[in-house]
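Q: After the sequence you'll find the predicted model.
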Amino acid sequence: MISITLFYVACFFISFFLCIPIGPVNIEVLHTALKKHKVQAFSIAAGASAGDAIWATCAFFGISPFMSSRYMEASFFLFTTIITALLGFIALKGANKVEKCEEEIVAKIRRKRWAVLKGLTMVLVNPLGIVSWMVSLSFLRRMKIFIPMELRYEILFFIVVTVGALAYFSLMIFVAGRMQTLLTPNRTRKIIRFLGYLLLAFSLYFFYHAIQLFFFNGTSFHIESLAS
């Protein structure tokens, strides 16, 4: 019983800390929160947390189909390139429209289901998410900290991972909310523009690895921090 409890506690903190390194999801959540769209930011975070839990579950069962073929992996990188580049251009376009009218904000909040889908997609298009969890779970198994292969334990594992990731993103949104009192519209505009360029840089990074896999028989890169 102690081993099972330790497993869930460890998975909560693993999920939390795997989200900390800067990545496209972090940038999008921060970008949305700084624009005072907290409901949307939280919805993106919820989708991303669920996506992280899906990859963690795949790793739990030892499934890694997206890493078995370099062409499949390269296709995912190309898809990720497109999505990340689009988000970057959207951020740059919206940098000069920081102060939204109330009607526009309400309309966007009503579409929070699409924000959830955005967060989920941004995580699932990056199959490297499974790598971090495979490494982490392998370590826990070697330490004999694991759970039985039973549905009730597996469901709780999915929930714990989701909550761990969501805890980090919620903290990010809260901090962004505190920052708003210190940020003038001009400063906010500059930060959003910077985040837009950063997203474009990530898209070039993903594109580089897609080309490497397609044409140069490159091996998978193993930068675990890009899982979030």
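A: Thanks, I have it.
Q: Can you tell me which helices and strands the helix or strand hosting Tyr205 packs against?
A: Tyr205 is located in helix 185-215, with elements delineated by DSSP states H and E. For helix 185-215, the contact count by 3 or more Cβ pairs under 8 Å, 6 or more residues apart in numbering; DSSP states H and E identifies helix 24-34, helix 70-94 as packing neighbours. Backbone N, C-alpha and C define where each C-beta goes, glycine included.
Q: Give me whichever of those is most buried.
A: Compared across the helices and strands packed on helix 185-215, helix 24-34 shows the largest average neighbour count, a mean of 24 (mean count of other Cβ atoms under 10 Å).
Q: What average pLDDT does whatever helix or strand comes next after that helix get?
A: The element immediately downstream of helix 24-34 (helix or strand, assigned by DSSP H and E) is helix 38-60. The predicted model gives helix 38-60 an average pLDDT of 89.
Q: and the helix holding Tyr205 with helix 70-94, angle?
A: Between helix 185-215 and helix 70-94, the angle formed by their directions is 160 degrees, by axes from the mean of the first three to the mean of the last three Cα atoms, to 10 degrees.
Q: In helix 185-215, which residues are buried?
A: 188-189, 191-192, 195-196, 198-200, 202-203, 205-207, 209-210, 212-214 (16 or more other Cβ atoms under 10 Å).
Q: Compute the inter-axis angle for that helix and helix 24-34.
A: Using the same axes, to 10 degrees, helix 185-215 lies at 160 degrees relative to helix 24-34.
Q: secondary structure element for Lys144?
A: Remark: Lys144 resides in no helix or strand, with elements defined by DSSP H and E.
Q: returning to that earlier point: thinking in terms of the whole chain, how far from its middle is the helix holding Tyr205?
A: 15 Å (Cα atoms, centre = their mean, to the nearest Å).
Q: next helix or strand past the helix or strand of the chain with the lowest mean pLDDT?
A: Taking mean pLDDT, DSSP states H and E as the measure, the helix or strand of the chain with the lowest value is helix 102-110, at a mean of 44. Counting by DSSP H and E, the next helix or strand C-terminal to helix 102-110 is helix 112-124.
Q: Grab the CA positions of that next one and hand them over as CSV.
A: Extracted in CSV, the C-alpha atoms of helix 112-124 (Å, rounded to 0.1, in the frame of the first residue of the first chain):
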residue,chain,number,x,y,z
LYS,A,112,-13.8,27.5,-24.5
ARG,A,113,-14.5,24.0,-25.7
TRP,A,114,-12.2,24.8,-28.7
ALA,A,115,-9.6,26.1,-26.3
VAL,A,116,-9.7,22.7,-24.6
LEU,A,117,-9.2,21.0,-28.0
LYS,A,118,-6.3,23.4,-28.8
GLY,A,119,-4.5,22.4,-25.6
LEU,A,120,-5.2,18.7,-26.2
THR,A,121,-4.0,18.9,-29.8
MET,A,122,-0.8,20.8,-29.0
VAL,A,123,0.3,18.0,-26.6
LEU,A,124,-0.9,15.0,-28.7
